[in-house]
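Novice: The following block contains a protein sequence and its predicted model.
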Amino acid sequence: MRRRYFCPVCRVEVTPQTIKTYAFDGSVIEGVYCPVCGSILEARRKVVDEPFRDYRVEKGLYVAFEGIDGSGKTTQVEKLVERLEAMNVDVVSVREPWLDASKEILYNYRIDPDAEVYIFAADRIILQREIVLPALRGDKVVVSDRSFYASLAYQSSLGASQEFIWAANRWIKLPDIVFLLDLPVEKALERIKGREALTKYERIEFLEHVRRKFLKIASEVNESRFIVIDATRDIEKIAEEVFNHVIKEIEARGIKRR
Ligand code: ADP
């Protein structure tokens, strides 16, 4: 027998209607309603078991660089990898987006921001399951050019909602440390003006927006995870600061060297 509820509006006991709503975060909201007047009698939230638990790796160290194009991410990834390898640390370096198939869609077609969120999320899941997670399980250091936070800054600047971006990425592992290379947009564009045509992500006003978003995210996320770097400085100075943070973390985590 189904449980009966007392409806305070109709003032009688009723056999309620239950309506399930599937939420972005993977949970199911069960609303229990009076079949006569429609009043809500109870709401329950059920957390659905996670199908992809393997993103929960607590070993290794996952470092990401963020910042607008021209902020120096590629340069700093290379510097960090070089320095770590010189200290016999096992390093794997990656770059998002990872698959050529994803780049083909993202850079050659106009698609809406929600579709971009899905493509970046799918690309990231594949990269993590194929490369990042196995490396972390092997207690290695992963250095990544971009991460989930780039989706949060870029796709939300294009109009996707932050909740949706978090939800589409709920099976991914977040980086342990993020270096946000911050500098004025004109300076960044000045550095990359030699590059061929600017991509759709490289318009000035848009990049101003993305820069502010990144700074806002950094101020909201746990400080030890997000480190804002003044990227107008000399390449070697930045590399030194980054390396000092990373080596401290490697030691704190007891990551072994070769
Ligand atoms: P991103 O990967 O963020 O687009 P890059 O590392 O490719 O940026 O750097 C863009 C350009 O700026 C490159 O020519 C690089 O040599 C130069 N560059 C990088 N960092 C600095 C810096 N701190 N000062 C001056 N020029 C820089």
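Specialist: Arrived safely, thanks for sending. Numbers count the residues shown, from 1 in each chain.

Novice: Is there proximity between stretch 69-78 and the ligand?
Specialist: Yes - with C-beta under 6 Å from any ligand atom as the criterion, the ligand is reached by stretch 69-78 at 69, 70, 71, 72, 73, 74, 75. Any C-beta I mention is one placed from the backbone N, CA and C, and that applies to glycine too.

Novice: Would you mind giving the residues you listed as TSV with pLDDT, distance to residue 31 and neighbour count added?
Specialist: Formatted as TSV, the residues of stretch 69-78 next to the ligand follow (pLDDT from 0 to 100; distance: C-beta to C-beta, whole Å; neighbours: other C-beta atoms under 10 Å):
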residue	pLDDT	distance to residue 31	neighbour count
69	91	45	19
70	93	49	22
71	97	46	27
72	97	50	23
73	98	46	22
74	97	50	13
75	98	53	16
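
Novice: Output these in TSV; the columns should cover distance to residue 93.
Specialist: Listed next are the residues of stretch 69-78 next to the ligand as TSV, based on distance: C-beta to C-beta, whole Å:
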residue	distance to residue 93
69	18
70	19
71	17
72	15
73	11
74	10
75	13
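
Novice: residue contacts, residue 177?
Specialist: Counting by C-beta atoms under 8 Å, 6 or more residues apart in numbering, residue 177 touches 61, 62, 63, 64, 224, 225, 227, 245, 246, 249.

Novice: Is it correct that the fourth one is in contact with residue 175?
Specialist: Spelled out, it's residue 64. Yes - between residue 64 and residue 175 there is a contact under C-beta atoms under 8 Å: 3.9 Å.

Novice: what is in contact with these two at once?
Specialist: 144, 147, 149.

Novice: Can you give me the domain assignment for this structure?
Specialist: 5-46, 53-252 (automatic domain parsing).

Novice: Quick one: mean pLDDT over the first one.
Specialist: In this case it means domain 5-46. Here domain 5-46 scores 92 as its mean pLDDT.

Novice: Quick one: end-to-end distance for it.
Specialist: 20 Å (C-alpha to C-alpha, to the nearest Å).

Novice: chain center to it, what's the gap?
Specialist: 35 Å (C-alpha atoms, centre = their mean, to the nearest Å).

Novice: Tell me which helix or strand the closest residue to residue 30 other than its chain neighbours sits in.
Specialist: Leaving out its chain neighbours, the residue that sits closest to residue 30 by C-beta to C-beta, 6 or more residues apart in numbering is residue 44, at 4.6 Å. Taking DSSP states H and E as the criterion, residue 44 maps to strand 40-46.

Novice: Helix or strand next in line after that strand, which one?
Specialist: Beyond strand 40-46 toward the C-terminal end (DSSP H and E), the next one is strand 61-66.

Novice: Kindly export the helix or strand just after that following strand (C-alpha atoms) in PDB.
Specialist: Counting by DSSP H and E, the next helix or strand C-terminal to strand 61-66 is helix 73-86. What follows is helix 73-86 as a C-alpha-only set of coordinates in PDB (Å, rounded to 0.1, in the frame of the first residue of the first chain):
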ATOM      1  CA  LYS A  73      51.100  29.100 -20.300                       C
ATOM      2  CA  THR A  74      53.000  27.100 -23.000                       C
ATOM      3  CA  THR A  75      56.200  28.800 -22.000                       C
ATOM      4  CA  GLN A  76      55.700  28.100 -18.300                       C
ATOM      5  CA  VAL A  77      54.600  24.500 -18.800                       C
ATOM      6  CA  GLU A  78      57.800  23.900 -20.700                       C
ATOM      7  CA  LYS A  79      59.900  25.600 -18.000                       C
ATOM      8  CA  LEU A  80      58.300  23.600 -15.200                       C
ATOM      9  CA  VAL A  81      58.600  20.300 -17.000                       C
ATOM     10  CA  GLU A  82      62.300  21.000 -17.700                       C
ATOM     11  CA  ARG A  83      63.000  21.900 -14.100                       C
ATOM     12  CA  LEU A  84      61.200  18.900 -12.700                       C
ATOM     13  CA  GLU A  85      62.800  16.500 -15.100                       C
ATOM     14  CA  ALA A  86      66.200  17.800 -14.100                       C
END
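
Novice: Before I go, just wanted to say thanks for your time.
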